[in-house]
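> any chance you could fold what I've pasted below:
(one chain, ligands or ions: 1)
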Amino acid sequence: MRIRTFDEYQAAYNHSVEDPEGFWAEIAQEFQWRKPWKKVLQWNFEKAETKWFPGGKLNITENALDRNVRERPNYPAIIWEPNDPNEPSVTFTYKMLHEYVCRFANVLKSNGVQKGDRVCIYMPMVPELAVAVLACARIGAIHSVVFGGFSAQSIADRINDSACSIVITSDGASRGNKQIPMKDTVDDALIGCPTVKKVIVLTHTRTAVSMLKGRDVWWEAEMKQVTSDCPAEEMDAEDPLFILYTSGSTGKPKGVVHTCGGYMVFAAYTFQNVFQYEPGDIHFCTADIGWITGHSYIVYGPLLTGATSLMFEGVPTYPDAGRFWDIVDKHKVNILYTAPTAIRSLMGFGLQPLEGKDLSSLRVLGSVGEPINEEAWHWYNEHIGKGNCPIVDTWWQTETGGILISPLAGITKTKPTYATLPLPGVQPILVDENGKEIEGNGVSGNLCIKFPWPGIIRTTWGDHERCRTNYFAAYPGLYFTGDGCLRDEDGYYRITGRVDDVLNVSGHRIGTAEVENAINMHTGVVESAVVGYPHDIKGQGIYAYVITESDPDHEVDLIRRDILATVSRIIGPIAKPDKIQFVKGLPKTRSGKIMRRILRKIAEGDVSNLGDTSTLLDPSVVDDIKSGALVEV
Ligand code: WTA
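Okay, here's the model as predicted:
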């Protein structure tokens, strides 16, 4: 499955388009299956239905663990770097990881978890998070990891949406110089979660926690009660492997479902080819396992490849802004995969944090999560890669399971800010507003994909119709990504950002509707409208226009802080608006629709040309908003 030259890439790409089933079947053969599939692919985009390798039986952990225990038992699988640099790092070989996962899988079973049950995991970036994920996969339970930055309310919403029967958490988390409660937050969440019968709590920060008799058990105590012998459950290729919640342009976050077979093949294939992993390499992906990047490129992709994956508990600026470079130096990292927002924030500290750090082990650099700007691209290239490391700007989504458009490291000629070319098996197409294909080069449009790849979203948990309307209805017959995209004269793709009402704040996906709903829950708020604006470090910042009942001139600062507290409580601190402007009215059309275009322009500080405002019910609100805008114009 490994591509080594650009000619091989082109050959693989052509093969994948001419004979997709033959192409993917050949790659899937390289994995360990208990029973062969009956068909390679069944699909119908009109109904949002895709099945890869149906009838094939496997367990992803036999591929990620057992196979490697046979072939390279003492090879490091996970290296864990703690938040505090003075604490020792920990290495798990494949043999150790296998044993740890099997033992914890038995703990899940002894606590009543069965195949098909949903398991919520809310944990810091400790090895036990990866272990919990893999233990679920071992016994066929469906994991639903919730990012540690989400509030109790968000956890509860996710638990209830998929009726989880158990939660795995820790006492607390250490991030930089902060100690963050985890079990406490779970306790708050569980007040409204009747389906949860058990909570397994890992001791990590030694924070005091309450342990409810009959419901809460300690990870360590449970591990002593079981053996490490746990045969893997036989799964159908199309049985769900996990649910991961993500934000869309409307309503509550939706549970994106990925299945065992296709996801396995795609995560491993993309990992190997994009990063060009070589035996002995240390792969350091700085994402959190609470996001899809961590699922696919910290846990599954690397382990399925028999690679060494470095997991970091802390933040890039603790104890100082040289921490990433210390880690690269200490562990001789070869592949570094991070987000533009991290690069931009570290750029702000200048070159001093790089002094004395040996970065010569680096061979490949990766970027993910948001468009990378020229300046960040060049800084990354010159100061981190020393001009010697290809940058793979990888474009993909929670829904795609793995990378779709990206250079292959050292193989595809890169171009700053371009994700370049589609991976084999990926057929991008640009369309205009009416769904008409925009052909040729030097064009831009809405990015769709016209043929299924093995990692494509299968459904949204509990509501298949939502999956259909969200991704397959805008342009019949196509998967719509929600992103705008440019294809240049060379046929290279550059993702320009979301064209829907989804924000990308520090690489975190947040729906404007979600933030509005949270703001509207604050007492006294009549209505709000949220838009994104360009932010030097975060990529996008959150700008909220809020109408309150009372005269906002009074204690306006207090109301602002109360709104921030409300958003933190309802969604989590990551969704707090950067700017809140109190307004008397919002620009609405006669049919009551908010004209976000105008609000976006004002938030961007571009009030010179607001376009046609004649369809507004009350054009005077625009002047009012302009005069109070929180931007330097
Ligand atoms: C954006 C993260 C430009 C895009 C893997 C997409 C990117 C959304 C890139 C998905 C990139 C991701 N260049 N934009 N290299 N990678 N995006 O689901 O808008 O958290 O739709 O998945 O991030 O975010 P998600």
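
> now the closest residue to L564 other than its chain neighbours: phi and psi?
Distances taken as Cβ to Cβ, 6 or more residues apart in numbering put K576 closest to L564, at 5.0 Å, once the chain neighbours are dropped. Where you see a C-beta, it was placed from the backbone N, CA and C, and this is true even at glycine. Phi and psi for K576, reported as degrees, to the nearest 10, are phi -70, psi 130.

> please renumber so the chain begins at 46
All right, first residue 46 from here; so that's K621.

> so how far is D546 from K460?
30 Å (Cβ to Cβ, to the nearest Å).

> out of these two, which sits in the more crowded spot?
D546 (19 against 16; other Cβ atoms under 10 Å).

> which parts of the stretch 546-678 of the chain sit against the ligand?
Listed as neighbours of the ligand in the stretch 546-678 of the chain under the rule Cβ under 6 Å from any ligand atom: N549, R554.

> how about the stretch 546-678 of the chain: which residue is closest to the ligand?
Using Cβ to the nearest ligand atom, the closest approach of the stretch 546-678 of the chain to the ligand is made by R554 at 4.4 Å.

> what's the answer for the stretch 446-595 of the chain, then?
Scanning the stretch 446-595 of the chain for the residue nearest the ligand gives I540, at 3.7 Å (criterion: Cβ to the nearest ligand atom).

> what do you get for the stretch 146-295 of the chain?
Closest approach between the stretch 146-295 of the chain and the ligand, counting by Cβ to the nearest ligand atom: T291, at 5.2 Å.

> residues contacting the closest residue to that residue other than its chain neighbours?
Leaving aside its chain neighbours, T291 sits nearest to T443 (4.2 Å; criterion: Cβ to Cβ, 6+ apart). T443 sits next to L289, T291, V301, W336, I337, I502, R554 when contact means Cβ atoms under 8 Å, 6 or more residues apart in numbering.

> angles on the backbone of T443, please.
Per degrees, to the nearest 10, the backbone of T443 is at phi -50, psi -40.

> from the ligand, how far out is it?
Separation of T443 from the ligand (Cβ to the nearest ligand atom, to the nearest Å): 3 Å.

> so which of the contacts of T443 are in helices?
Per DSSP state H, helices hold the following members of the contacts of T443: I337.

> what's the farthest-apart pair in the contacts of T443?
The most widely separated members of the contacts of T443, counting by Cβ to Cβ, are W336 and I502 (15.2 Å).

> these two: which has the busier surroundings?
The neighbour count for W336 versus I502, taken as other Cβ under 10 Å, is higher for I502 (25 against 21).

> mind listing what that one touches?
Taking Cβ under 8 Å, 6+ apart as the criterion, I502 is in contact with V301, V302, H303, T443, E444, T445, G446, C512, Y516.

> please apply the same query to P632.
Neighbouring residues of P632 by Cβ under 8 Å, 6+ apart: I639, M640, I643, L644, T658, L661, P664, V666, V667, I670.

> what does A253 give?
Counting by Cβ under 8 Å, 6+ apart, A253 has contacts D216.

> is it true that it lies in a strand?
No. Counting by DSSP: H, G, I helix; E, B strand; the rest coil, A253 is located in no strand; its state is coil.

> distance between the strand or helix carrying Q317 and the chain's centre?
Using DSSP states H and E, Q317 sits in helix 305-320. Chain-centre distance of helix 305-320: 16 Å, with Cα atoms, centre = their mean, to the nearest Å.

> tell me the mean pLDDT for that helix?
Across helix 305-320, the average pLDDT comes to 98.

> adjacent strands (with direction) for the very next helix or strand once past that helix?
Using DSSP H and E, the helix or strand that follows helix 305-320 in sequence is strand 327-330. In the sheet, strand 327-330 lines up against strand 353-357 (parallel), strand 380-383 (parallel) (DSSP bridges).

> residues of the helix-or-strand element of the chain with minimal mean pLDDT that come out buried?
Every helix and strand of the chain was ranked by mean pLDDT, DSSP states H and E. The lowest is helix 665-672, at a mean of 92. Residues V666, V667, I670 are the ones in helix 665-672 that count as buried (16 or more other Cβ atoms under 10 Å).

> same deal with stretch 150-165?
In stretch 150-165, counting by 16+ other Cβ under 10 Å, buried: A150, N151, V152, L153, K154, N156, V158, D162, R163, V164, C165.

> quick one: contacts for the closest residue to I417 other than its chain neighbours?
With sequence-adjacent residues excluded and distances taken as Cβ to Cβ, 6+ apart, I417 is closest to P385, at 4.2 Å. Applying Cβ under 8 Å, 6+ apart to P385 gives the contacts S412, G414, E415, P416, I417, N418, A421, G552, G584.

> quick check, the last one in contact with L548.
Think G584. No. Taking contacts as Cβ atoms under 8 Å, G584 lies outside contact range of L548: 9.1 Å.

> circling back to that earlier point, let me know the closest of the contacts of P385 to the ligand.
Closest approach between the contacts of P385 and the ligand, by Cβ to the nearest ligand atom: P416, at 4.0 Å.

> roughly how far is the one helix or strand W69 maps to from the heart of the chain?
According to DSSP H and E, W69 maps onto helix 65-73. How far helix 65-73 lies from its chain's middle: 27 Å, per Cα atoms, centre = their mean.

> show residues contacting the helix or strand that it is followed by.
Counting by DSSP H and E, the element after helix 65-73 in chain order, helix or strand, is strand 86-89. By Cβ under 8 Å, 6+ apart, the residues outside strand 86-89 that reach it are P65, E66, W69, E94, T95, K96, W97, F98, P99, P497.

> burial measure for the last one, as a count.
What it means is P497. Residues near P497, counting by other Cβ under 10 Å, number 24.

> just say helix, strand or coil for it.
Under three-state DSSP, the three-state class of P497 is coil.

> S207 against S189, yeah?
Yes. Using Cβ under 8 Å, S207 is in contact with S189, at 5.7 Å.

> per-residue confidence at T295?
For T295, pLDDT reads 82.

> I meant F394, not that one.
In this prediction F394 is given a pLDDT of 98.

> where's it relative to the ligand, distance?
Distance, F394 to the ligand, by Cβ to the nearest ligand atom: 23 Å.

> got the domain boundaries for the protein?
Domain segmentation of the chain under the TED database yields 51-530, 551-673.
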